[in-house]
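Engineer: Any chance you can model this:
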Amino acid sequence: MINRIREIRKAKGLTLADLAEACDPPTTAQTIGRLETGMRNLSIKWMDRIGAALDIDPEVLVRSEEQKRAQVVAELGLSEPEALKSPREAILPTEIAASGGDATMLVLEVAASVGEYRPGDMVWLRQIDPDEAGANMLGAMNRDCLIPRPGGRFAFGRLIDRKGTLVGLLPAQAGNKQLVIDNPPWIAVATMLVRPL
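Structural biologist: Prediction:
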């Protein structure tokens, strides 16, 4: 089995010290480094601790040696693509999407061109409780959201207003009027777009 701690840690922008501190109980950067390089045995207990610290399923931390994975080989900036010093394993959307902890992830499949979305797009959304005040709701403002409506229908568009139990949504399709939804049971905020080329 191949240990993927380093790839996932780097994909989340964490240093060895950041990950060590996020573990419960905290550990040292040296210990995390030894686990990454295989100098220390990655037990089930360590997988659970590191998985919780990275907000991922512990099983994502290892993979079979026979399984071929996509490699990140270059980085595109403002000029031409630049080769990485050493290629790294690409992290799949399902492995990083749940970085909101216990948040439920939903996927909206786009069947026709709507606004900036194209057929075949998969919009990954993080479900939040609209009654939660603070960062979660503020993070949804001016973002594309999926909101359930009565009768098993949905509304999708930019969240532009919130007054009491009323939520204002500007549909993604140009020319449509603002929708006002009263007391939705949840709101799912778009966090990632997967687009086939």
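
Engineer: Paired strands for the helix or strand in which Pro148 is found, with orientation please.
Structural biologist: Under the criterion DSSP states H and E, the helix or strand holding Pro148 is strand 144-149. For strand 144-149, the paired strands and their directions (DSSP bridges) read strand 153-163 (antiparallel), strand 187-194 (antiparallel).

Engineer: Take those strands and write them to JSON lines, including mean pLDDT, mean neighbour count and distance to Asp121.
Structural biologist: The way it works is simple: take the backbone N, C-alpha and C, and place the C-beta from them, glycine included. JSON lines is the format used below for the strands paired with strand 144-149 (pLDDT from 0 to 100; neighbours: other C-beta atoms under 10 Å; distance: least, C-beta to C-beta, whole Å):
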{"stretch": "strand 153-163", "mean pLDDT": "89", "mean neighbour count": "15", "distance to Asp121": "12"}
{"stretch": "strand 187-194", "mean pLDDT": "88", "mean neighbour count": "20", "distance to Asp121": "6"}
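
Engineer: closest to Arg49 out of those?
Structural biologist: strand 187-194 (25.1 Å; C-beta to C-beta).

Engineer: can you list the residues that contact that closest one?
Structural biologist: Where contact means C-beta atoms under 8 Å, 6 or more residues apart in numbering, the residues beyond strand 187-194 that reach it are 93, 96-97, 100, 106, 108, 117, 121-128, 130, 137, 139-140, 143-147, 159, 167.

Engineer: that older thread, how about TSV for the strands paired with strand 144-149, with distance to Asp48 added?
Structural biologist: Shown next, in TSV, are the strands paired with strand 144-149 (distance: least, C-beta to C-beta, whole Å):
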stretch	distance to Asp48
strand 153-163	35
strand 187-194	25
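
Engineer: Which one, of those, ends up nearest to Trp46?
Structural biologist: strand 187-194 (28.1 Å).

Engineer: Of the strands paired with strand 144-149, which is nearest Gln71?
Structural biologist: Proximity to Gln71, assessed across these by C-beta to C-beta, is greatest for strand 187-194 (17.9 Å).

Engineer: Convert the C-alpha atoms of the closest one to CSV, please.
Structural biologist: Coordinates of each C-alpha in strand 187-194 appear next as CSV, following Å, rounded to 0.1, in the frame of the first residue of the first chain:
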residue,chain,number,x,y,z
ILE,A,187,-28.9,25.5,1.4
ALA,A,188,-26.1,23.8,-0.6
VAL,A,189,-23.2,26.2,-1.6
ALA,A,190,-21.2,25.5,-4.8
THR,A,191,-17.6,24.7,-3.8
MET,A,192,-16.2,23.0,-6.9
LEU,A,193,-16.8,22.6,-10.6
VAL,A,194,-15.7,19.5,-12.5
